[in-house]
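Undergrad: Show me the folded form of this:
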Amino acid sequence: MDEHFVWVTTRRIKPGALEDFERAWRPGSHPHGMLRAFAYWSEDGQEVTGVSFWDSRQACDSWRASDAEKRRRDAMAPYVVEEREGFYRGGELSLSSV
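TA: Predicted coordinates:
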């Protein structure tokens, strides 16, 4: 199994703020060490989960400590009600047919 380094953040946002939140949420540049990123929205548009894959824990930590990430988080703050986040290690599960 290939090991992945993954950062997951789930934010509950204010009602009606999804469009403004999305503009603030996207980074201005591609963070060094980020391999892929995905975003998932709840049907009501009030919860957003971001999943990013990194080449190392250090690359993720470096981005999270950067001025660019601080500016991005400050821009999102007016639209965020609650935030949960965590760093994980793991890999893709193999699904076999029965």
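
Undergrad: For the protein, give me the ranges with low pLDDT.
TA: Scanning the chain for pLDDT under 70 picks out 1, 27, 97-98.

Undergrad: Please, where are all the helices along it?
TA: Counting by DSSP state H, the chain has these helices, from start to end: 18-25, 57-64, 67-76.

Undergrad: quick one: which of those helices is nearest R12?
TA: helix 18-25 (10.5 Å; Cβ to Cβ). All C-beta spots, glycine's among them, are computed from the backbone N, C-alpha and C.

Undergrad: could you give the angle of the closest one to helix 67-76?
TA: On the basis of axes from the mean of the first three to the mean of the last three Cα atoms, to 10 degrees, helix 18-25 is oriented at 160 degrees to helix 67-76.

Undergrad: Mind listing what's buried along helix 18-25?
TA: Going by neighbour count (16 or more other Cβ atoms under 10 Å), the buried part of helix 18-25 is 18, 21-22, 24-25.

Undergrad: Ok, stretch 20-40 next?
TA: The neighbour-count check on stretch 20-40 (16+ other Cβ under 10 Å) flags 21-22, 24-25, 31, 33-34 as buried.

Undergrad: The residue positioned nearest the centre of the chain: what's it in contact with?
TA: Centroid-nearest residue in the chain: G50, 3.2 Å away (criterion: Cα atoms, centre = their mean). Residues near G50 by Cβ atoms under 8 Å, 6 or more residues apart in numbering: 7-11, 25, 37-40.

Undergrad: which of those lies closest to C60?
TA: W7 (5.2 Å).

Undergrad: Can you name the residues bridging to that closest one?
TA: In this entry, W7 is beta-bridged to S52, F87, by DSSP bridges.

Undergrad: show me the contacts for it.
TA: Neighbouring residues of W7 by Cβ under 8 Å, 6+ apart: 50-52, 54, 60, 64, 85-88.

Undergrad: Could I get those in JSON lines, plus columns for distance to M76?
TA: Below are these laid out as JSON lines (distance: Cβ to Cβ, whole Å):
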{"residue": "G50", "distance to M76": "11"}
{"residue": "V51", "distance to M76": "16"}
{"residue": "S52", "distance to M76": "15"}
{"residue": "W54", "distance to M76": "20"}
{"residue": "C60", "distance to M76": "18"}
{"residue": "R64", "distance to M76": "14"}
{"residue": "E85", "distance to M76": "12"}
{"residue": "G86", "distance to M76": "18"}
{"residue": "F87", "distance to M76": "19"}
{"residue": "Y88", "distance to M76": "21"}
